[in-house]
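Trainee: Just need the structure, nothing else, for what follows:
(chains A and B)
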Amino acid sequence: DTEVTHTPKHLVMGMTNKKSLKCEQHMGHRAMYWYKQKAKKPPELMFVYSYEKLSINESVPSRFSPECPNSSLLNLHLHALQPEDSALYLCASSHLLADEQFFGPGTRLTVL
Amino acid sequence: ELKVEQNPLFLSMQEGKNYTIYCNYSTTSDRLYWYRQDPGKSLESLFVLLSNGAVKQEGRLMASLDTKARLSTLHITAAVHDLSATYFCAGYNSGGGADGLTFGKGTHLIIQP
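Mentor: A predicted model of the protein is given here:
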């Protein structure tokens, strides 16, 4: 299995909702990442897990909360989001940090 | 902090022509990545360049890396319509905050018949 999968593919939520995005890979990769991509912009790194240890991009608001239950699974918990958080959220994985990253199709999030 | 600059940001070219996309980066980076993104789709890894002088080719695309000049190029030979996409270069940012890719703004490439 050489894929990174996302659940759900699309999500619409209100500003008071709590939701979670899920990412899964079964390539045995030990590094997993969340990126945010706005339309016509490059992806921006949000969080990195390496061997299930978290590194944070300091500019990410606390309304985004990552979780790595095991080496194959990565969650992104969302609460009290703002309309400007609407974007494509991409998960990627790599064998180790700095190795080639493989991206999933992403979850397209709309915050109303 | 690593900064990555691509140019041009937009390129319209005819089929059969050759062109080069340039990627400059601001600090030492041992490796440089090229990705392709089609509209509404995710990113597809094209090349990983690991050392100075590295050159990789796949079909009509060839990428190279000059770490002394902090420059990578993506050369397109005899372009075909199927190569229309947005191309991103990225460097690996480590040693401050989250270790991950820092992307250039992307080159939106349109290849016309």
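Trainee: got a pLDDT number for B:Ser42?
Mentor: Reading off the per-residue confidence, B:Ser42 sits at a pLDDT of 91.
Trainee: and what of the one 5 residues further on?
Mentor: Confidence at B:Phe47, expressed as pLDDT, is 97.
Trainee: right, and B:Glu44 touches B:Glu58 too?
Mentor: No: B:Glu44 sits out of contact with B:Glu58 when judged by C-beta atoms under 8 Å, with a separation of 11.2 Å. Bear in mind the C-beta positions are built from the backbone N, C-alpha and C, glycine included.
Trainee: In terms of neighbours, single out the busier of the two.
Mentor: Neighbour totals were compared for B:Glu44 and B:Glu58, and B:Glu44 leads with 13 against 10 (other C-beta atoms under 10 Å in any protein chain shown).
Trainee: which non-adjacent residue is nearest that one?
Mentor: The shortest distance from B:Glu44 to any residue that is not its chain neighbour, by C-beta to C-beta, 6 or more residues apart in numbering or on different chains, is 4.8 Å, and that residue is B:Arg36.
Trainee: If that neighbour is in a bridge, with which residues?
Mentor: Each beta-bridge partner of B:Arg36 is listed here: B:Glu44, B:Tyr87, as defined by DSSP bridges.
Trainee: Okay, strands next: where are they in chain A?
Mentor: Using DSSP state E, the strands assigned to chain A run over residues A:4-7, A:10-13, A:18-25, A:31-37, A:44-50, A:53-56, A:64-70, A:73-79, A:87-94, A:102-103, A:107-111.
Trainee: Including distance to chain B and mean pLDDT, could those strands go into CSV?
Mentor: Output for the strands of chain A, formatted as CSV (distance: least, C-beta to the nearest C-beta, whole Å; pLDDT from 0 to 100):
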stretch, distance to chain B, mean pLDDT
strand A:4-7, 8, 96
strand A:10-13, 12, 96
strand A:18-25, 12, 97
strand A:31-37, 5, 96
strand A:44-50, 4, 93
strand A:53-56, 4, 85
strand A:64-70, 11, 94
strand A:73-79, 13, 97
strand A:87-94, 6, 97
strand A:102-103, 4, 96
strand A:107-111, 9, 97
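Trainee: Minimum distance to B:Leu11: which of those has it?
Mentor: Evaluated over the strands of chain A, closeness to B:Leu11 peaks at strand A:31-37, with 20.5 Å, by C-beta to C-beta.
Trainee: Point out the residues in chain B that sit beside chain A.
Mentor: Within chain B, the positions lying close to chain A (C-beta under 8 Å from any C-beta of the partner chain) are B:30-31, B:33, B:35, B:41-45, B:48, B:88, B:92-94, B:97-106.
Trainee: From these, which land in strands?
Mentor: With strands defined by DSSP E, the entries of those inside them are B:33, B:35, B:43-45, B:48, B:88, B:92-93, B:100-103.
Trainee: and the two most separated of the residues you listed?
Mentor: In these, two members sit farther apart than any others by C-beta to C-beta. They are B:Glu44 and B:Asn93, at 21.0 Å.
Trainee: thinking again about what came up before, can you count the residues close to the residue nearest to B:Glu44?
Mentor: When neighbours are counted by other C-beta under 10 Å, B:Arg36 registers 19.
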